[in-house]
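Q: model the structure of this input:
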Amino acid sequence: MKPMSGKIAYINARLLDPATGLDAIGGLLTDGETIAAIGETVPSSLPADADVIDCKGLCLAPGLVDMRVQLCEPGAEHKETIVSAGRAAVAGGVTSMVCLPNTDPVIDNDAVVEFVARRARQAGLTKVYPYGAATKGLKGEEIAEIGLLSSSGAVAFTDGERAIASAMVMNRLLSYAASFGHLIVQHPEEPTLAGGDMNAGTIAGSLGLSGISPAAEWIILERDLRLVEVTGSRYHAAHISTAESVAIIRRAKAKGLAITCDTAPPYFLLTEEAIGEFRTFAKLSPPLRKESDRAAIIEGLADGTIDCIASDHCPQDADSKRKTFHDAAFGGIGVQTLLSTALELTRMKVPLLDALATVTVNPARILKLPAGRLAVGAAADFVVFAKDIPWTVTAETLLSKSKNSPFDESTLTGKVIRTVIDGRTVFSANDEATHG
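A: As a prediction, the model looks like this:
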C-alpha cells in the first residue's frame, strides 16, 4: 500500500449521514485530520494532489459512538485492555468509545481520568472518553467530585454496573448535576430484587435457576423519573430491557422531561430462550427477557422512545464463564458486533438511517461529543462497510481479549471494510479491494 498524501478522496460511496438525512452516491474528501468536502460533487472536483480510494458502491457512514464499554484497564487487564478493545472496536467501525468507571482504581478522581486518556492516545486506535463515577468508590453513599472529574474530561456520571440505589443520594446527584448541566446515567436495577440468575418466569423455573423480576428495572425507573421531574436534571437510563420500561420512558418523554435511554443488541435480537441448556454466554445484566419484551424494545427503537444502542461490552475471561450458570459471571462482549447487530433492525421496522442514528449522532448528541456526523470541518472519523455481506461470530473473528459474545456462532450481516479516524485508516479488511 503506497503512502497517502495529506488529501484522500473516497469516491463512489453510498454516503449515509443520519444527522442530515443524507443518503446519496457521492464522495468524501479528507485533508489531514478533517473532512474537507462531502457530497455528490466530490468526485468531479478533486484536488490534483489527492489520493483516491474507490469505495465501489459501499456504504460510508460516520464512525460509530459506543456509549457503554468496559475496558477493564486499569485493574483487570487479563479480560481486556485499551489496546485489545481498540482493535475490536475499529474492526467493528467504532471510532469513539465511552468507558464505564468500574476500573481498579475506580474513575473517581482526575488521576485515573488522565491515565485512561493517556493510554488511549498511546494506543492510537479508537477515541476513548471516560464516564466519571457518580459516587465515591461506586459505593452509592457519597457523591464523587463531579466538578473536578468534569474538568478533567469525564463526559457524564454513573456507577456503571451498580444502581444508585439510595433515593437520597440520587436526589442529591440530580440536584447538583442540574446546576451544571451534567448527565447522570443509571443502571436501573433495584438491588434487592436483582439477586437471581436469569429473568424470572417459566424458563427459570424449568431450569431450576433463581429469577430476576422485571420489576427490578422499572421500579428504579419510576422512582428516578419522579426525582428528575422535581430537580429538572438530565437523566439517561442504560440498557433498558422490558416492555414496561419502554412504556415508562415514553410517558416521561411525553411530559417533556430531559430523559434519554439506550438498549443493547441482545435485548432486541435475543430472548431468555437463548440460555438453552445453561449457556453462560447468554447470562447478561440485565437478563435476557421474554419475546413480548423484545418486541417492545424493537417498537421503542422504531418510534424513537429508545434513543441509542450501546454494545454494553463486558469482557469476561474463560474462567469466569466456564462455570455452572449460577456461578458464572454476568456480561457479554459486543463492541465489534455493534454495527452488524444495529443493521439487523433494518430487517424489522427501522429504516437504515434511523438504525445508524442510534449508534452515531444520537449518543454523540446526548454526551456532547464531537462525533457521529459527516460534516465539513469535522474530524474525519467514518466507517466504510458492506451492508449485505454476512460473517460468522467466532472466537477467531473476534479481536477482544475475551470471547464471551452472546452471538457466538451466529451469522450477522454487515461487514466493516475500512475504519478511518482523524483521516488515518486504522482498520482495513482488504487493502487490495479497497484501494483505488
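
Q: if you count contacts, what does the longest helix along the chain end up packed against?
A: Of all segments of type helix in the chain, defined using DSSP state H, the longest is helix 215-231. Helix 215-231 sits against helix 167-180, strand 234-237, helix 243-254, with contacts defined as 3 or more CB pairs under 8 Å, 6 or more residues apart in numbering; DSSP states H and E. Using the backbone N, CA and C atoms, a C-beta is placed for each residue, glycine as well.

Q: that one: which residues count as buried?
A: Buried residues in helix 215-231, counted by 16 or more other CB atoms under 10 Å: 216-221, 223-225, 227-229, 231.

Q: can you put those residues in CSV and add distance to D319 and pLDDT?
A: Shown next, in CSV, are the buried residues of helix 215-231 (distance: CB to CB, whole Å; pLDDT from 0 to 100):
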residue, distance to D319, pLDDT
A216, 28, 97
E217, 29, 98
W218, 34, 96
I219, 34, 97
I220, 31, 97
L221, 34, 98
R223, 37, 98
D224, 35, 98
L225, 39, 97
L227, 40, 98
V228, 40, 98
E229, 45, 97
T231, 43, 97
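
Q: quick one: the strands in the stretch 301-436 of the chain, in order.
A: Along the stretch 301-436 of the chain, the segments classed as strands by DSSP state E, counting those that start in this stretch run 308-309, 382-392, 411-421, 424-428.

Q: mind listing what S292 touches?
A: Contacts of S292 were listed using CB atoms under 8 Å, 6 or more residues apart in numbering, and they are A243.

Q: can you tell me the element it falls in?
A: Using DSSP states H and E, S292 sits in helix 291-302.

Q: model confidence over that helix, on average?
A: Averaging pLDDT along helix 291-302 yields 98.

Q: so where's this protein uncertain?
A: Where the chain drops to pLDDT under 70, the residues are 1-5, 431-436.

Q: can you pull out the helices in it?
A: 82-91, 110-123, 146-152, 167-180, 202-207, 215-231, 243-254, 266-269, 291-302, 318-321, 338-343, 352-357, 361-367, 431-434.

Q: tabulate these (a markdown table), appending distance to R14.
A: Converted to a markdown table, these look like this (distance: least, CB to CB, whole Å):
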| stretch | distance to R14 |
| --- | --- |
| helix 82-91 | 21 |
| helix 110-123 | 30 |
| helix 146-152 | 39 |
| helix 167-180 | 40 |
| helix 202-207 | 42 |
| helix 215-231 | 38 |
| helix 243-254 | 31 |
| helix 266-269 | 24 |
| helix 291-302 | 22 |
| helix 318-321 | 39 |
| helix 338-343 | 13 |
| helix 352-357 | 10 |
| helix 361-367 | 17 |
| helix 431-434 | 15 |
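
Q: for G27, find the nearest of the ones you listed.
A: helix 431-434 (14.3 Å; CB to CB).

Q: thinking again about what came up before, winner for burial among the strands of the stretch 301-436 of the chain?
A: Of all the strands of the stretch 301-436 of the chain, strand 308-309 has the most neighbours on average by mean count of other CB atoms under 10 Å, namely a mean of 30.

Q: what residues of the helix holding S292 count as buried?
A: Quick answer for helix 291-302 (16+ other CB under 10 Å): 293-294, 296-302.

Q: stretch 54-73 too?
A: The neighbour-count check on stretch 54-73 (16+ other CB under 10 Å) flags 54-55, 58-73 as buried.

Q: nearest to I35, of the helices of the chain?
A: Across these, I35 has its closest neighbour in helix 361-367 (14.8 Å, CB to CB).

Q: can you spell out which helices and strands pack onto the closest one?
A: By 3+ CB pairs under 8 Å, 6+ apart, helix 361-367 packs against strand 64-69, strand 94-99, strand 308-309.
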